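Colleague: Got a predicted structure here, sequence first:
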Amino acid sequence: MISPSFDPASENPQKPAGLKTVLVPAPVDRAYSYAVPEGMGLAPGDYVTVPLGKREMAGVVWGDGTEDVPLKKIKTILTKSSLPPMPEVERRFIEWVADYTMSPRGMVLKMALSVPDALGEGKAASRAYRLADFAQKAREDGNDQRLLKNLSPAKRKVLASLGGGKALRAAELGVSPSVLKGLVEAGLVEVVDVFAAPPCRNPDIDGDKPVLSRDQDAAARHLCKLVQGEEYKTILLDGVTGAGKTEVYFEAVVEAVRKGRQVLILLPEIALSNAFLERFRKRFGCNPALWHSGLTPAQRRNAWRGVAQGESKVVIGARSALFLPYQNLGLIVVDEEHDPAYKQEDGVIYHARDMAVMRAHLGKIPLVLVSATPSLETIVNAWSGRYEHLHLPDRHGGATMPDMHLIDLRRDKPERQHFIAPTLKKEIEKTLERGEQALLFLNRRGYAPLTLCRTCGHRMECPRCTAWLVEHRSSNRLQCHHCGYFMPFPKQCPSCSDEDSLAACGPGVERIHDEVRTSFPDARTVVLASDTADSPEKLRAILDDIREGRVDIVIGTQIIAKGHHFPGLTLVGVIDADLGLGGGDLRAAERTYQLLHQVAGRAGREELKGHVYLQTFLPENRVMQALSGHGRDGFLDVEAQERERAHMPPYSRLAGIIVSGRDEKQVENIAKELGLTAPQGEGLRTLGPAPAPFYRLRGDFRRRLLVQADKAIHLQKLIERWIAGVKIPSTVRVQVDIDPQSFL
Ligand code: ADP
Ligand code: ZN
């Protein structure tokens, strides 16, 4: 578009119009200096394209260039985009996230620019047709009869649809290409480029809203006041599922949009959120700007541009939506703030909820964290007054919480090789008799988690991971749930060669499904797991079937736990409530509580009373006690005390160091050396190296170290110096996970 007036290769370079640094979306930490071509006015934040190596890349002007590179080597900026510049707050946010997560700045920028063609305006456009000026004028003057005289009906139809400068695409005009071609050749119609309208430009903020209860109204007013105030504040919006939290924060969304600002609503599992989107459309009369991995390239580009231009007002997205370059962000909502899906575990390792706190702080805007089961981190901040705590005490409209029962599997035993206890079986019967629906929850895909040889005891393991292979009977395979490895189910034991000696141990949802079909042959059943509902359409169809009462018993994994609203579902049975408690994860109890509470929340969401049965071998465990007695805050309080005593987050800080590579010896040596030079001292210790629980993952050998530090210690600086002191070969990877959520 703009020809560079400065040729870096020439013998005698002219002095460029100036230098600017440009950050590119690549694994680099520094913004590089580039020459500004004559006549190109550039300010920090401008989107540009630059040469990098042999490639041409989009980038962002970061600051004024420094002359640290010989002029001769400096390359010239190629083009400047017509998009408004990335605001300073977004650039500061990128820098902050890079520092916090110890990632190169360019990698964080890459998350903000994750649309390769977004700057290439030609590609974002599509072809449309508009009435030529003279035809338009003829129409306005009322003497277009002559023009229409010899035209076919199809052509007349096109001319009738176009008017007032309107530009429409062929699909919108609904005629064949030859008709349009004819009109263009006759000069009656011209071809123009149009950009797809950015999504969610004019959400209807004066549409129907429900009459809020007193508590809802108070909470909503308070949030609106904070949106007005343009100050940083984090608010925990706390209340059981069905309390009406969404209705409350929708009011804050309205307020922000009324002020002309953008809103971001983060959801943990956006692909599963059809019901939510439906609700949004009902309330705001349009689709939100969506941001998640399932978009087509065109949708992505369109949403990205809408956000960058400040045209798209409400974005609903997965964690990565936090890094979009908003023009004018005025409110962030993190729904289900406790959800582990907010943690990104590879590339730039970050926790979207925690980063959102800093984004709100930098932008001087409110952040609303929403949950029925807040994370311990969040609740401790609410207790201490760092966050505001808004509470909605009841379910909306008088629906009550389900009653909760524990089934002690030591006494109330299922039959041999079965997994549903007699009590639960009876409850399913009663539910079916009443014409209501039951959900059996087990967070495990497939038929059986372990396959064992009855003759020699051999366990079927993944050859590339420290993990058992899971039997999937429907496809007659053994699968690794960590790396995707699979094999046909063997006839013989690979170790002792005995025939038909391999036995399934423990249940997955497929096995529960078998048991249900035998026990309730007349019931209509469905299995809902990520591999049975492997496309959005399939998932939607299954969810519709359940909602509309075409299914009696649902057997599901956590895919069913989130957000769904099934009016006829009154019984929830949890097959193995103890499942998440093993493994020694810091947050095992908290996570189990959150997940089971959420599953329980599927029961009795309307007038019909809900009943929940938890099958457990540990009825005295405090998670089970808290669930059966609705004692959430008591449970969190004990959890908090234990963490404080153990000097664990949120009362200290952790960083995980993961050393991995193909060569076991090399990995071990580097880990050992890191161990020997590890930071130790006042308020600080390093544990490990130890083999990671997944000692092998996808063929890599892995070792872990864990740094535990007082909150006052600047952990990142320390770790940076430490790792820089060890020479790490390119075949070994050292990843730093600040505030780790997973210890695998
Ligand atoms: P939460 O987000 O706390 O789980 P929701 O906002 O989804 O709760 O509300 C639960 C159900 O109650 C939804 O169907 C919602 O439309 C309805 N609801 C909530 N508040 C009201 C209200 N004030 N008037 C009418 N319906 C409401
Ligand atoms: Zn594997």
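Modeller: Now that the structure is in, tell me what you want to look at. Ligands and ions are numbered 1, 2, ... in the order given.
Colleague: what does stretch 487-507 rub up against?
Modeller: Applying Cβ atoms under 8 Å, 6 or more residues apart in numbering, the contact partners of stretch 487-507 are 419, 442, 444, 447-456, 458, 460, 469, 471, 476-478, 511, 515, 575-576. Where C-beta positions appear, they are placed from N, C-alpha and C, glycine not excepted.
Colleague: Among those residues, which lie within helices?
Modeller: 511, 515 (DSSP state H).
Colleague: Only whichever of the contacts of stretch 487-507 are buried, select them in PyMOL.
Modeller: Buried residues within these, by 16 or more other Cβ atoms under 10 Å, are selected in PyMOL with:
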select buried, resi 419+442+444+447+448+449+450+451+452+453+455+458+460+469+471+477+478+511+515+575+576
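Colleague: Keep only the contacts of stretch 487-507 that also lie close to ligand 1.
Modeller: Among the contacts of stretch 487-507, not one lies near ligand 1 by Cβ under 6 Å from any ligand atom.
Colleague: okay, now the domains of the chain?
Modeller: 19-120, 126-194, 214-355+373-384, 399-446+508-631, 449-505, 653-738 (automatic domain parsing).
Colleague: In JSON lines: the ones you listed, plus mean pLDDT and distance to residue 200.
Modeller: Listed next are the domains of the chain as JSON lines, based on pLDDT from 0 to 100; distance: least, Cβ to Cβ, whole Å:
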{"stretch": "domain 19-120", "mean pLDDT": "91", "distance to residue 200": "17"}
{"stretch": "domain 126-194", "mean pLDDT": "81", "distance to residue 200": "18"}
{"stretch": "domain 214-355+373-384", "mean pLDDT": "93", "distance to residue 200": "5"}
{"stretch": "domain 399-446+508-631", "mean pLDDT": "91", "distance to residue 200": "20"}
{"stretch": "domain 449-505", "mean pLDDT": "92", "distance to residue 200": "36"}
{"stretch": "domain 653-738", "mean pLDDT": "92", "distance to residue 200": "33"}
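Colleague: Indicate which one of these is closest to ligand 2.
Modeller: With distances scored as Cβ to the ion, the stretch of the domains of the chain nearest to ligand 2 is domain 449-505 (3.1 Å).
Colleague: so how far is the closest one off the chain centroid?
Modeller: 32 Å (Cα atoms, centre = their mean, to the nearest Å).
Colleague: Next: stretch 712-730.
Modeller: Using Cα atoms, centre = their mean, the offset of stretch 712-730 from its chain centre is 29 Å.
Colleague: Help me confirm that residue 99 is found in a helix?
Modeller: Yes - counting by DSSP: H, G, I helix; E, B strand; the rest coil, residue 99 is part of a helix.
Colleague: Could you measure from the nearest residue to it once chain neighbours are set aside over to residue 103?
Modeller: Nearest residue to residue 99, sequence neighbours excluded (Cβ to Cβ, 6 or more residues apart in numbering): residue 716, at 6.7 Å. With the distance defined as Cβ to Cβ, to the nearest Å, residue 716 ends up 11 Å from residue 103.
Colleague: and those two? which has more neighbours close in?
Modeller: residue 103 (21 against 16; other Cβ atoms under 10 Å).
Colleague: okay, now the residue nearest to the more buried one when sequence neighbours are not counted: neighbour count?
Modeller: Distance criterion Cβ to Cβ, 6+ apart; nearest residue to residue 103, sequence neighbours excluded, is residue 348 at 4.4 Å. Neighbour count for residue 348, taken as other Cβ under 10 Å: 19.
Colleague: Return the residues in contact with residue 348.
Modeller: So, once contact is read as Cβ under 8 Å, 6+ apart, residue 348 ends up touching 97, 101, 103, 107-108, 111.
Colleague: likewise residue 296?
Modeller: So residue 296 contacts nothing (Cβ under 8 Å, 6+ apart).
Colleague: just checking, residue 458 touches residue 452?
Modeller: Yes - between residue 458 and residue 452 there is a contact under Cβ atoms under 8 Å: 7.2 Å.
Colleague: Quick one: residues contacting residue 86.
Modeller: 45-47, 60, 112, 308, 325.
Colleague: so how far is residue 341 from the residue nearest the centre of the chain?
Modeller: Of all residues in the chain, the one closest to the mean position by Cα atoms, centre = their mean is residue 318, 2.9 Å from it. For residue 318, the distance to residue 341 equals 8 Å [Cβ to Cβ].
Colleague: shared neighbours, the two?
Modeller: 268-269.
Colleague: Following element in sequence after the top strand by length along the chain, please.
Modeller: If you go by DSSP state E, the chain has its longest strand at strand 684-697. Remark: after strand 684-697, the chain's next helix or strand is strand 700-709, criterion DSSP states H and E.
Colleague: Tell me the gap between that following strand and the middle of its chain.
Modeller: 25 Å.
Colleague: what inclination does the longest strand of the chain have with respect to strand 700-709?
Modeller: Strand 684-697 and strand 700-709 are oriented at 160 degrees to each other (axes from the mean of the first three to the mean of the last three Cα atoms, to 10 degrees).
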